[in-house]
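*Asks:* pasting the structure only:
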């Protein structure tokens, strides 16, 4: 069986990571979402265990100490982290694990798993990004200002990624992400290439020379 | 404008390169086929300038001497080569240039253009490959035997490629090739990333701090 791989989607808060991921997850049964743990307050529409595992600072810190995160970071005063167990189990099943993590987290993952694929999602414009952040209404003005400042910094870091997708239209962006997953599945380095060739050649390949007189 | 790139499709004779390429070319207007030159005899269904430029050995050798090929090789007693001019003009227009060339040719291109994408197409089985080659009826028995022996060698070389596609079903294989093209268009290294970010940030990004009082 072909091994799975990690795909990290990063991008400024408000770039549309969730919407794009949702569209891809709906269409691709072999792609699974790695639910992050966080200490930030739950937003009204968010569901425990689907959007995040919501932890207290004490719980989060004891899990850091126990080495239970693939990566973790503190962002705007809250912890965010990726539980290891789920990732390992999914990859072993041949699934593609997608994660929505920030640039610091992506760097940590790349260090531990250099074969991970890093995709950066760009908002169409900064004005649109600000509109989306204000539309959420869950964040204070000060928090939105901080997010916008962070966004400008993050846009520069996108150049460290493997792929970049401009989220000008959700369906188009989702199709591109899906294409990246399909393409990465075709990578020679990810296929068990010689097993594949062995399957193709099979008995025929070895016996063909001897069978020639019969075939003609 | 985003630069184009070269995509090389290789695979044993009979793997279905033409059929898969035709399907992709029909769907992707920004993908163009680089017509090779050859000295091998024209097959009944083939059209000059669409399938190949058919040249005499003398014509071919004088073009080699003039440096007019991106790559060329001798295969089964015939010359095959890629005219340079078309490739350069298409890449400059931002197009993806696909080429159907053998492993020797792919190695030459990779040396001259390391950013070229190499895709290897696998036949579903050797038995199916032989059936397809015999179905063509244009080749002699001896030529078919040579092609089958070459195929076994070529399968091993596929591991040098970037991507591998199993051609078990034409539409599925074509969709994978299309996904590879879409994904490669999203490569950070191929996008003019900082220009993209500049477009997003625009005037707003620079002026936002000054405009804050007006916006609130």
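*Replies:* Right, received. Where do you want to start? Everything numeric in this text was worked out from a predicted model, so none of it was measured.
*Asks:* Neighbours of residue A:50, how many?
*Replies:* A count of nearby residues for residue A:50, using other C-beta atoms under 10 Å in any protein chain shown, gives 9. All C-beta spots, glycine's among them, are computed from the backbone N, C-alpha and C.
*Asks:* With the one 4 residues further on instead?
*Replies:* Neighbourhood size, residue A:54 [other C-beta under 10 Å]: 17.
*Asks:* Also residue A:196?
*Replies:* A count of nearby residues for residue A:196, using other C-beta under 10 Å, gives 18.
*Asks:* and it, what element?
*Replies:* Taking DSSP states H and E as the definition, residue A:196 sits inside helix A:193-215.
*Asks:* just residue A:71 next, same as before
*Replies:* Using DSSP H and E, residue A:71 falls within strand A:69-75.
*Asks:* and that strand, what does it pack onto?
*Replies:* Using 3 or more C-beta pairs under 8 Å, 6 or more residues apart in numbering or on different chains; DSSP states H and E as the contact test, the elements touching strand A:69-75 are helix A:57-65, strand A:78-83, helix A:84-92, helix A:103-112.
*Asks:* okay, the angle between that strand and helix A:84-92?
*Replies:* Put simply, strand A:69-75 runs at 130 degrees to helix A:84-92, going by axes from the mean of the first three to the mean of the last three C-alpha atoms, to 10 degrees.
*Asks:* Just checking: what are the partner strands of strand A:69-75?
*Replies:* Partners of strand A:69-75 in the sheet, by DSSP bridges, are strand A:78-83 (antiparallel).
*Asks:* For the partner strand, buried residues please.
*Replies:* For strand A:78-83, a neighbour-count test (16 or more other C-beta atoms under 10 Å in any protein chain shown) marks A:79-83 as buried.
*Asks:* same question, stretch A:181-188
*Replies:* For stretch A:181-188, burial by neighbour count (16+ other C-beta under 10 Å) applies to A:181-188.
*Asks:* Of those, which are in range of chain B?
*Replies:* Applying C-beta under 8 Å from any C-beta of the partner chain, the subset of the buried residues of stretch A:181-188 adjacent to chain B comprises A:182-184, A:186-188.
*Asks:* which ones among those are found in helices?
*Replies:* The helices, defined by DSSP state H, take in A:182-184 from these.
*Asks:* averaged over its residues, what pLDDT does the helix or strand containing residue A:132 have?
*Replies:* Residue A:132 belongs to helix A:126-136 when elements are defined using DSSP H and E. Averaged over helix A:126-136, pLDDT sits at 85.
*Asks:* Check which helix or strand the nearest residue to residue A:91 once chain neighbours are set aside maps to.
*Replies:* Distance criterion C-beta to C-beta, 6 or more residues apart in numbering or on different chains; nearest residue to residue A:91, sequence neighbours excluded, is residue A:4 at 4.2 Å. Using DSSP H and E, residue A:4 maps to neither a helix nor a strand.
*Asks:* neighbours around residue A:4, how many?
*Replies:* The tally of other residues near residue A:4 (other C-beta under 10 Å) stands at 20.
*Asks:* Return the residues in contact with it.
*Replies:* Going by C-beta atoms under 8 Å, 6 or more residues apart in numbering or on different chains, residue A:4 touches A:30, A:90-97.
*Asks:* how close does it sit to chain B?
*Replies:* 17 Å (C-beta to the nearest C-beta, to the nearest Å).
*Asks:* What backbone torsions are found at that residue?
*Replies:* phi -80, psi 180 (degrees, to the nearest 10).
*Asks:* now do residue A:139
*Replies:* According to degrees, to the nearest 10, residue A:139 has phi -100, psi 150.
*Asks:* isn't it right next to residue A:145, touching?
*Replies:* No - applying C-beta atoms under 8 Å as the test, residue A:139 and residue A:145 come out as separate, 9.5 Å apart.
*Asks:* Which residues does the residue lying closest to residue A:70 once chain neighbours are set aside form beta bridges with?
*Replies:* Of all residues not flanking residue A:70 in the chain, residue A:82 sits nearest, at 4.3 Å (C-beta to C-beta, 6+ apart). Legend: beta-bridge partners of residue A:82 under DSSP bridges are residue A:71.
*Asks:* Tell me which residues touch residue A:178, please.
*Replies:* A:24, A:27-28, B:179.
*Asks:* Next, the contact list for residue A:92, please.
*Replies:* Per C-beta under 8 Å, 6+ apart, neighbours of residue A:92: residue A:4.
*Asks:* That concludes my questions; thank you for your assistance.
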